[in-house]
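Below is the structure, and that's it, no one-letter string:
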């Protein structure tokens, strides 16, 4: 069941909202090239990703009944200033290549924001991620009043020959509250924390310690097809690396297969154990790369950086991403307080 949330009969334009993702919607996103100016890629798993989004709203822009653009919204709860608020996460704004330059991206962003803010009530947040190099998308969301809450970085973790260095376990459901308590101590005041929703025990792995947990991490496999990487490092990864016999297997057919790591936990002094845990998970999945999404102001990010053990490809991929948000019902003072806290990047939010 779909509903029309915008119509312009003069131009033959409509934007409809549906709780169901159609095959055409998913196929549209799977053939979209993402990024602009920096990293560019396609994602053949978009259909699977869309099925996992909680409380979704799928928005479709049609021109004379032909699909011209799409955008996905997800309802959730996040912490702002340590307190829970309703939120709308905006994901995967895309416009058909043949229709770019007509303002459809801005129109979708504007109508999605209007619709999303209606869902959050009197006080809440509407937000999404935009790569710093993706100038067209940044301009589109800025035109409708969204501002940057700050920047996080996609950081590459790599091992040429990953080894299972430590024994790992999964926690039973009876210990979920214990793990949440540990994670909330670390991230409870971070802007956009959503631990209660994003924690998935079936995808969470730990190293037990004598007095509790030494380290823990949530992971999910991802697959992208790289079409462009900027600079000399990008030239090396996309052009040179596949031509080297020993390293060719790292990017077969430009397929970038990796584990996305989130909800990281390391006890005091347990940073090396967390690194060993991530390598062990790479070995289990038969992969060479992992990606961590961290605000560099975060104490967790600083502690991990101090280990110096991200791997030889660490400097080849460092992606700055803006969290572009519209805060509804917040005072300037409350907004200033949010700016002082590190940003939390949720495993629940596809990036």
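Yep, it's here. Note that the coordinates shown come from a computational prediction; the quantities given were computed from them, not determined experimentally.

Packing partners of the longest strand seen in the chain?
Longest strand in the chain by number of residues (criterion: DSSP state E): strand 212-228. Counting contacts by 3 or more Cβ pairs under 8 Å, 6 or more residues apart in numbering; DSSP states H and E, strand 212-228 packs against strand 40-42, helix 176-187, strand 204-209, strand 255-266, helix 271-285. C-beta here means a position set from N, CA and C on the backbone, and glycine is covered the same way.

Output the contacting helices and strands for the shortest one.
This means strand 40-42. strand 212-228.

where does the stretch 201-350 of the chain dip in pLDDT?
229-249, 251, 253, 315-317 (pLDDT under 70).

In contact with residue 192, which residues are there?
Counting by Cβ atoms under 8 Å, 6 or more residues apart in numbering, residue 192 touches 78-80, 87, 125, 127, 149, 323, 343-346.

could you redo those as TSV and give each row distance to residue 138, secondary structure and neighbour count?
Listed next are the contacts of residue 192 as TSV, based on distance: Cβ to Cβ, whole Å; DSSP: H, G, I helix; E, B strand; the rest coil; neighbours: other Cβ atoms under 10 Å:
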residue	distance to residue 138	secondary structure	neighbour count
78	22	strand	26
79	25	strand	22
80	22	strand	25
87	20	strand	23
125	18	strand	26
127	14	strand	21
149	13	strand	22
323	12	strand	23
343	17	strand	22
344	21	coil	27
345	18	coil	26
346	21	coil	21
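
In a markdown table: the helices and strands packed on strand 212-228, plus mean neighbour count and distance to residue 140.
As requested, the helices and strands packed on strand 212-228 are arranged in a markdown table below (neighbours: other Cβ atoms under 10 Å; distance: least, Cβ to Cβ, whole Å):
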| stretch | mean neighbour count | distance to residue 140 |
| --- | --- | --- |
| strand 40-42 | 18 | 17 |
| helix 176-187 | 15 | 30 |
| strand 204-209 | 19 | 36 |
| strand 255-266 | 21 | 25 |
| helix 271-285 | 20 | 35 |
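
Those: which one's closest to residue 168?
strand 204-209 (4.6 Å; Cβ to Cβ).

Next, the angle helix 271-285 makes with the closest one.
If you take axes from the mean of the first three to the mean of the last three Cα atoms, to 10 degrees, strand 204-209 sits at 130 degrees to helix 271-285.

before we move on, back to that, return the member of the contacts of residue 192 nearest to residue 169.
residue 346 (23.5 Å).

Please look at that closest one and residue 194 and confirm they touch.
Yes: here residue 346 reaches residue 194: they are 4.9 Å apart, a contact under Cβ atoms under 8 Å.

that older thread, strands paired with the longest strand of the chain, and their directions?
strand 40-42 (antiparallel), strand 204-209 (antiparallel), strand 255-266 (antiparallel) (DSSP bridges).

how about these in CSV, adding distance to residue 312?
Listed next are those as CSV, based on distance: least, Cβ to Cβ, whole Å:
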stretch, distance to residue 312
strand 40-42, 22
strand 204-209, 24
strand 255-266, 15
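
that older thread, overlap in contacts, residue 346 and residue 194.
With Cβ under 8 Å, 6+ apart as the test, residue 346 and residue 194 both reach residue 78.

how many neighbours does residue 12 have?
By other Cβ atoms under 10 Å, the residues close to residue 12 number 12.
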